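In: how would this look folded up:
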Amino acid sequence: MIQPDTRRQMTRADVQLAIRVMARGAGGTTGDAREDERELEARLADEGLDAVLDDPRLPMALMREPLGALASLRLLTYVMVRSALVRMGEGDRVISDYAAAVVLAFGARRRAERCDETDDALYDTLADLLRDAEGGDPRRAFLVRTHLGNYALWLSGLFPDHIEHRRWRRGGPHLDYYEEMGRRGFAMAAEHPAARRQGMAELYSAMAERFATLRLALTVFSDGLMFPGVQTPERLMRQVRDETRWRWRS
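Out: Take a look at the predicted model:
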């Protein structure tokens, strides 16, 4: 089961690289960069890891500085997902952590189609997941419900252009359908006794409530990092809708 543990998995090397790219990105002389590094190290010691990861200079520094190419996928994903969510007014670090964990976990081969790494069943539609969400096995029903939320978020957040292409060319479901299914999945998971036992009920409830914001943030991440420079009528129309929706919500 996916946990909000991306920050906990950060290594000393991740943090040191983050500090170095910010210090170099500040410009100035070599001495200035070293002074910036010392200041960031002091903040890390006094305020903890989030003082570095939440620094507003970090996302741009990772993209612009040559040293940023050495960033781990874990560091890059968390920082950029977190940055997108903060820009949309979502400051909850646990939600950022969980969203980044979904992106990282589902990047593994066929993991997005499985409710759990050890589960043999493969799902390629949200409707099949919803059908099994009320299954007789309580443990598996819980996994299916969480996967319904995770899978809907992953698909609609990272691959909205694919969804729009299918909608326009083949009559597939709208992005609103994915959002509704994702909300249902997380809401159903939050109500399951296993969520309370594992301390996940509050997080799943928040994911359900804020699903639209999460989806938009992952789309910003995807447009900028995974599929930059794409110009299609479907993307343009989708971006206009997303921008209008975000402004309305804010």
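In: Hmm, Met207 is touching Leu214, no?
Out: Yes - Met207 is in contact with Leu214 according to Cβ atoms under 8 Å; the separation is 6.7 Å. C-beta: built from backbone N, CA, C; applies to glycine.
In: So Gly157 versus Ala141, what's the distance?
Out: 24 Å (Cβ to Cβ, to the nearest Å).
In: These two: which is more packed in?
Out: Higher neighbour count among Gly157 and Ala141: Gly157, with 27 against 19, using other Cβ atoms under 10 Å.
In: Excluding chain neighbours, what is closest to that one?
Out: Sequence neighbours aside, Leu218 is the residue nearest to Gly157 in space, at 2.7 Å (criterion: Cβ to Cβ, 6 or more residues apart in numbering).
In: for that neighbour, what are its contacts?
Out: Leu218 sits next to 81, 84, 99, 103, 153-154, 156-158 when contact means Cβ atoms under 8 Å, 6 or more residues apart in numbering.
In: Next, it: phi, psi?
Out: Backbone dihedrals for Leu218, given as degrees, to the nearest 10, come out at phi -70, psi -30.
In: And the pLDDT for it?
Out: Note on Leu218: pLDDT of 97.
In: cool, Arg24 as well?
Out: pLDDT recorded at Arg24 is 86.
In: now do Asp50
Out: Predicted confidence (pLDDT) for Asp50: 96.
In: Can you point out the buried residues in the helix or strand encompassing Tyr204?
Out: According to DSSP states H and E, Tyr204 maps onto helix 201-209. Within helix 201-209, the residues scored as buried using 16 or more other Cβ atoms under 10 Å are 201, 203-208.
In: Name the nearest of those residues relative to Pro56.
Out: Ala206 (23.5 Å; Cβ to Cβ).
In: thinking again about what came up before, find the residues that touch each one of Met207 and Leu214.
Out: In terms of Cβ under 8 Å, 6+ apart, Met207 and Leu214 are both contacted by the residues 95, 153.
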